[in-house]
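Trainee: Predicted model and sequence below, questions to follow.
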Amino acid sequence: MEPVSDPSQAVPRPAATVVLLRTGPAGPEVLLTTRPKHLRFMGGAAVFPGGGVSAADLDPRWEAVSALTGGEAGAALDLAEPLEALGYMVCALRETFEEVGLLLADGDAGSMTREDADDAATFLAACETRGLRLRTDLLVPAGRWVTPLGAPVRFDTRFFVTEAPPGWEPVPDPSEVDRCWWASPASALTQLAAGELMMAPPTIEMLQRLDGRASVGEIVSSLLDDPVGHRGELISVRLSPLVHVVLAPNPGVMTGPGTNTYIVGAGPTCVIDPAVDDASYLDEIERIADDISFILVTHRHPDHVGGVAGLVQRAGCPVRAYGGDPAGGTGVVPLGDGDRIEVGGVILEALHTPGHARDHLSFYLRDAASLFSGDNILGEGTAVIAPPEGNMQAYLASLERLRRLHIDRIYPGHFRPLDGGASVIEGYLQHRAARRDAVLQALRSGARSPEEIVGVVYADTPEHLHPVAVLQVSSMLDLLHSEGEVIREQHRWLPADVE
């Protein structure tokens, strides 16, 4: 992934999310919203209402406008700082009102407008003026999710569950929400499996946690008994009739939430990128995959092959990868560019797409216009191209090749699936072109080393990510050198037209 560009993203921003429940004809339902597609973070994804905690959400005056005191909120969230705990709850209620029009408060709540919730300070003043009392006591803590390092935007999100008032229907704010609807957890997961929705791991985890509960009361009781729930357990979900993903338990700065391991096919299956040698993770892969015909490897980086040997030992299946070198310590049956793999009603075409790694393969499911992109395309951010194995010229050529294919959905090695393959790839190419121009301009402005260029081009990037940015700049300098735009004099880089 490419480093994030905002220094505030090094430390996750506090945020709150509300899972609104109601009793539907067949049992509990949740309110889902779709984020506008133009948004930089999670655009087009199905989410629960919520947003970032503002400084004014932490104002001590909220204690006079809240059903819970700061101490009571701190006890509910197991936080030592009372105003911090109450701030999460205030944010949850404020964002729910702003996005879908529900204000849980005693008093003259009906006179409040969305303009009163434009920001937290305005919201506080409006609540005080009207003598409102926010029903923070109706929020049931339902867990916490911290966005891993490497994401373009990071949040430390507290989840809350509450029941909507009888007969209430959402009135979405079009600037915040494309659409919203009620769905049972099972039907939402079915829509996800049918490729009709995109979701981030915490949304999927929450739906899985609610699925199978008989009533809203049962959900609330289960959360009161166990507010942490599935934290630390595996996320495993069907993304389409022929594609299931198991998220490997290896989150980190270079892996995001973890490596996506895909199980493809119906009946006999193949497994793409078993990432770690973890017993519960491999158990889940075996449970979903059942009859594993073979393992496919996009590339041999450790976070994509760490579980190969363990899965081979269990399933006794061959491993297919580009070239003849072992993968994860296991011998392989080599795949070449254009080779076709048939399994469980699908045909995957192996495409040699070097750049991130010399041996990188993407797998094209032509009949479904889908691509398993490995680390060439990610669900958030962009791929790291690290010399000497990474090569920017080869990478751009791989992207150009992929752009010529009919691709509707991209299943990346990390983060969420992406729809609109052509526009995604075009965005990647535009991003790299902008970086190329910025590196060349930095050289013309006097920067002479990758480190100096990073200081200019990645000035807003947190310092702990500068070593990764140096790798990106080095790969771009190699590209510019191959194009005759720059020259190297010992340890210095210069524009080719410098006098």
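Mentor: Right, received. Where do you want to start? Being a predicted model, the structure only gives us computed values, none of them experimental.

Trainee: Can you list the low-confidence ranges for the stretch 301-450 of the chain?
Mentor: Low-confidence regions of the stretch 301-450 of the chain, defined here as pLDDT under 70, do not occur.

Trainee: ranges for the helices of it?
Mentor: 302-305, 308-315, 392-403, 421-444, 450-457 (DSSP state H, counting those that start in this stretch).

Trainee: Could you list every helix and strand that the fourth one packs against?
Mentor: In terms of contact count using 3 or more C-beta pairs under 8 Å, 6 or more residues apart in numbering; DSSP states H and E, helix 421-444 is assigned the packing partners helix 392-403, strand 409-412, helix 450-457, helix 466-482, strand 492-495. C-beta here means a position set from N, CA and C on the backbone, and glycine is covered the same way.

Trainee: If you count neighbours, what's buried in the fourth one?
Mentor: Buried residues in helix 466-482, counted by 16 or more other C-beta atoms under 10 Å: 466, 468-480.

Trainee: Tell me the one of those residues nearest W145?
Mentor: Nearest to W145 out of the buried residues of helix 466-482 is V468 (C-beta to C-beta; 23.7 Å).

Trainee: Make sure the closest one is actually in contact with V384.
Mentor: Yes: V468 is in contact with V384 according to C-beta atoms under 8 Å; the separation is 6.0 Å.

Trainee: Turn the helices and strands packed on helix 421-444 into TSV, columns for distance to G51.
Mentor: Compiled in TSV, the helices and strands packed on helix 421-444 are given as follows (distance: least, C-beta to C-beta, whole Å):
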stretch	distance to G51
helix 392-403	33
strand 409-412	25
helix 450-457	30
helix 466-482	29
strand 492-495	43
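
Trainee: so what's the nearest residue to D118 once chain neighbours are set aside up against?
Mentor: Leaving aside its sequence neighbours, D118 sits nearest to E98 (C-beta to C-beta, 6 or more residues apart in numbering; 7.9 Å). Taking C-beta atoms under 8 Å, 6 or more residues apart in numbering, we find E98 in contact with G51, R114, A117, D118, D173, E176.

Trainee: pretty sure E98 belongs to a helix, no?
Mentor: Yes: counting by DSSP: H, G, I helix; E, B strand; the rest coil, E98 falls inside a helix.

Trainee: most centrally placed residue in this structure?
Mentor: F415 (3.9 Å; C-alpha atoms, centre = their mean).

Trainee: what about that one, distance to P251?
Mentor: As judged by C-beta to C-beta, to the nearest Å, F415 and P251 stand 11 Å apart.

Trainee: Check L86 too.
Mentor: From L86 across to P251, the span is 29 Å (C-beta to C-beta).

Trainee: More neighbours: which of those two?
Mentor: L86 (29 against 19; other C-beta atoms under 10 Å).

Trainee: what's the longest strand in the protein?
Mentor: Using DSSP state E, we find that the single longest strand of the chain is strand 13-24.

Trainee: After that one, heading C-terminal, what element do we hit next?
Mentor: Using DSSP states H and E, the next helix or strand after strand 13-24 towards the C-terminus is strand 27-34.

Trainee: what's the angle from that next one to strand 13-24?
Mentor: 140 degrees (axes from the mean of the first three to the mean of the last three C-alpha atoms, to 10 degrees).

Trainee: neighbours around the closest residue to L68 other than its chain neighbours, how many?
Mentor: With C-beta to C-beta, 6+ apart as the criterion, L68 has its nearest non-adjacent residue at 4.2 Å, and that residue is T136. T136 has 25 neighbours, counted by other C-beta under 10 Å.

Trainee: so T136 makes contact with L93?
Mentor: Yes: counting by C-beta under 8 Å, T136 does reach L93; the two are 6.9 Å apart.

Trainee: shared neighbours of the two, anything?
Mentor: With C-beta under 8 Å, 6+ apart, T136 and L93 have no common neighbours.

Trainee: that older thread, and the residue nearest to the centre of the chain, backbone torsions?
Mentor: When read as degrees, to the nearest 10, the backbone of F415 gives phi 70, psi -160.

Trainee: Spit out the contact partners of it.
Mentor: A151, A200, G256, P257, N260, L378, G379, E380, G381.

Trainee: tell me the pLDDT at the second one?
Mentor: Confidence at A200, expressed as pLDDT, is 76.

Trainee: That one and G44 touch, don't they?
Mentor: No: between A200 and G44 there is no contact under C-beta under 8 Å: 11.3 Å.

Trainee: So between these two, which is more surrounded?
Mentor: A200 (21 against 17).

Trainee: so what's the closest residue in space to the more buried one that isn't next to it in sequence up against?
Mentor: Nearest non-adjacent residue to A200, counting by C-beta to C-beta, 6+ apart: R416, 5.5 Å away. Applying C-beta under 8 Å, 6+ apart to R416 gives the contacts M42, A45, M198, M199, A200, P201, G379, E380.

Trainee: Recalculate using a threshold of 6 Å.
Mentor: Going by C-beta atoms under 6 Å, 6 or more residues apart in numbering, R416 touches M198, A200, G379.

Trainee: tell me the domain boundaries of the protein?
Mentor: 7-225, 236-419, 435-495 (automatic domain parsing).

Trainee: List phi and psi for T190.
Mentor: Residue torsions, per degrees, to the nearest 10, at T190 are phi -70, psi -40.

Trainee: Please work out how many residues are found near it.
Mentor: T190 has 14 neighbouring residues, counting by other C-beta under 10 Å.
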